[in-house]
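Student: Any chance you can model this:
(one chain, ligands or ions: 1)
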Amino acid sequence: MMDNFAVVASALVLLYYILQQVLRAVLSPLRSVPGPFLARWSDAWYLWQVKGAHWETQNIQLHREHGIIADPEAVGIIYGHGTRFVKSSWYDAWGSPSNWNLFADRSIQRHANNRRQLQNTYSMTSLVSYEPYVNQCADIFSRRLCELGEAGVSVDMGHWMQCYAFDVIGQITFGKRIGFLDRGADIQGIMRVIEKQLMYGTLVGIYTRFHRLAFGVLNFLAGKNGAGREHIVKLTEVRIAEEQERRKAKRAGDGDGAEPFVSKFLAKYEQDPEKFSMLHVLAGCTANMAAGSDTTGISLSAILYYLLRHPKCLQELRREIEEFRARGLLSESFGFKETQQMPYLQAVIKEGLRMHPATGLPMERVVPEGGATICGRFFPAGTIVGINSWVAHRNTQVFGADADEFRPERWLISDEEKLAAMNRQWIPFGVGSRTCIGRHVSTLEISKLIPRVIHEFDFELSTGSAEGSWSTENYWFVKPRGFEVKVTCRKPKDGHNLVEETRIE
Ligand code: HEM
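Tutor: Numbering: from 1, shown residues only. Next up, the predicted model:
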């Protein structure tokens, strides 16, 4: 009797759920939006697809299959300055339920206040003082590549670019590099922890109502080290405490490099703890570690990968480097300001970030009160909309019929109007008030390292696939997998001036 009751009750609940979904889909004001049939019924379809880790290519494919022509104006409508489109609940899964962080914050007002506090530390003028740090890491990177080349082994460039980016960000943030380049390994499991957080945020964000519970359980199980982002927070707290001790001992002048972020943040805190709290110090340093290393590593890998797949472009870049060096316009350390004068290099970087932006999911926003018309269609308030930079970057209306091709020359034209249209649609760092705060850090790292590796090394792609293409995995960050190369050093090793004793471990 009891068994029958349970079966009938379950069937009724199931029926109610199905009916609710059917009604929702049939009555939805969005029913005329083209898209896959199953996606209409439940978020489970999206979760399943995203879990497959290739949403960036699927998203482009779906637009083409369903004849969706993305309106270039949509970028401005959704993300433009002064927009009232707030971040969607997907972002909740990227932070602790009890504290804000800059990336995940959904409050326009609080975000604007906090961003104002942090912003000037990330300005280009304040970042160029970090150039010697970047040079040190590039020297070690170069030495490691030479050693690997001499050993004749296959090199996973995705991994080494990641090591470089992690050590630069560690050095800029804490004044000491963490030691990834020294060991060629994942120090303190930091890379692995961030990778887990990427998967967690990506998937749990789709059903974000489970975040509070999942966050609590996972952190409880992880014990004192914390799980995912919390683990990085804990490691960052240790570094901040060390820096506080150093400041108490009045050794502020220690080390001969530029003042690292942690020290600048603590100085702000000491000056006005109400305005710039310890949470600002923690949020700033943690964001650098969590958001600033993989993204740069991926972008460096992508630029190199596309150059290797397009030898003519590589030759042209090398020609430009040699010409600049012959004219005395490019120093041994590949000065940042010098690299900004190299038009072909800049076009290569821009095109690499167009072909492979580091983030590969839509940057979700909520349509504000009153609704909005996007791509000629009305979306009521509360609808979640978003643009995936991968889709925007392959818009043939803007980039032309060869939008899928790597062609740096597209940026070297004199047609101002076309350039402006392409620039508006080029969004690897996001757009508007939520644009990437660390983009100048990456620009510094990328502008210096790419010409240097092209000048110092020959690479032979050995990805293992017949077409020579690499594979990728997308959990928000679209990471290269199996970017294997053979490396040959083009210059004698003794040119490297190493400073290897400054690492944390
Ligand atoms: C090539 C490298 C990078 C790429 C492609 C990239 C990409 C992005 C994108 C697309 C966003 C906006 C996300 C959204 O609206 O949903 C973003 C935000 C952010 N990025 Fe980056 N990023 C890079 C490097 C960095 C670095 C080096 C740092 C730190 C040093 C950093 C810190 C942040 C932070 C804190 C935010 C949130 C900003 C806010 O909401 O105010 N990123 N990034």
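
Student: Tell me how many other residues crowd Tyr46.
Tutor: 15 (other Cβ atoms under 10 Å). Placement of C-beta: from N, CA and C, glycine included.

Student: Does it touch Leu203 like I think?
Tutor: No - using Cβ atoms under 8 Å, Tyr46 is not in contact with Leu203; the gap is 10.3 Å.

Student: Could I get the full set of strands for the stretch 401-505 of the chain?
Tutor: Secondary structure of the stretch 401-505 of the chain (DSSP state E, counting those that start in this stretch): strands at 457-461, 471-475, 477-481, 484-489.

Student: Apart from its chain neighbours, what residue comes closest to Asn120?
Tutor: Counting by Cβ to Cβ, 6 or more residues apart in numbering, Ser126 is the residue found nearest to Asn120 once chain neighbours are left out, at 6.7 Å.

Student: What's the local residue count around the one you found?
Tutor: So Ser126, with other Cβ under 10 Å, has 15 neighbours.

Student: any idea which element it lies in?
Tutor: helix 124-127 (DSSP states H and E).

Student: what comes into contact with that helix?
Tutor: The contact list for helix 124-127, computed with Cβ atoms under 8 Å, 6 or more residues apart in numbering, reads Asn120, Ile172, His440, Val441, Thr443, Leu444.

Student: Which helix or strand lies directly C-terminal to that helix?
Tutor: Past helix 124-127, the next helix or strand by DSSP H and E is helix 131-151.

Student: State the mean pLDDT of that next one.
Tutor: Summarised as a single mean, pLDDT over helix 131-151 is 96.

Student: Equivalent analysis for stretch 295-306, please.
Tutor: 98.

Student: what about it, near the ligand?
Tutor: Yes - Stretch 295-306 reaches the ligand (Cβ under 6 Å from any ligand atom) through Thr295, Thr296, Ser299.

Student: The stretch 1-150 of the chain: strands as residue ranges?
Tutor: 86-87.

Student: So which residues on the stretch 201-350 of the chain come close to the ligand?
Tutor: Going by Cβ under 6 Å from any ligand atom, the residues of the stretch 201-350 of the chain near the ligand are Ala287, Asn288, Ala291, Gly292, Thr295, Thr296, Ser299.

Student: so of those residues, which ones are in helices?
Tutor: Among those, DSSP state H puts Ala287, Asn288, Ala291, Thr295, Thr296, Ser299 in helices.

Student: Compare the residues you listed and tell me which has the most neighbours.
Tutor: Tallying neighbours with other Cβ under 10 Å puts Thr296 at the head of those, with 27 neighbours.

Student: so how far is Ala372 from Ile68?
Tutor: 17 Å (Cβ to Cβ, to the nearest Å).

Student: So these two - more neighbours on which side?
Tutor: Neighbours were counted for Ile68 and for Ala372 using other Cβ under 10 Å; Ala372 has more, 21 against 14.

Student: What's opposite that one in the beta bridge?
Tutor: In this entry, Ala372 is beta-bridged to Phe379, by DSSP bridges.

Student: OK, contacts around it?
Tutor: Ile77, Phe85, Phe378, Phe379, Val385.

Student: Just send these back as a markdown table, with neighbour count, distance to the ligand and pLDDT too.
Tutor: Shown next, in a markdown table, are the contacts of Ala372 (neighbours: other Cβ atoms under 10 Å; distance: Cβ to the nearest ligand atom, whole Å; pLDDT from 0 to 100):
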| residue | neighbour count | distance to the ligand | pLDDT |
| --- | --- | --- | --- |
| Ile77 | 18 | 15 | 96 |
| Phe85 | 22 | 11 | 97 |
| Phe378 | 12 | 24 | 94 |
| Phe379 | 17 | 18 | 95 |
| Val385 | 19 | 13 | 97 |
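
Student: out of these, what pair is the most spread apart?
Tutor: Phe85 and Phe378 (14.8 Å; Cβ to Cβ).

Student: Tell me which of the strands of the stretch 401-505 of the chain sits most buried.
Tutor: Neighbour counts (mean count of other Cβ atoms under 10 Å) averaged over each of the strands of the stretch 401-505 of the chain peak at strand 477-481, with a mean of 21.

Student: for that one, packing partners?
Tutor: If you count contacts as 3 or more Cβ pairs under 8 Å, 6 or more residues apart in numbering; DSSP states H and E, strand 477-481 packs onto helix 157-174, helix 294-309, strand 471-475.
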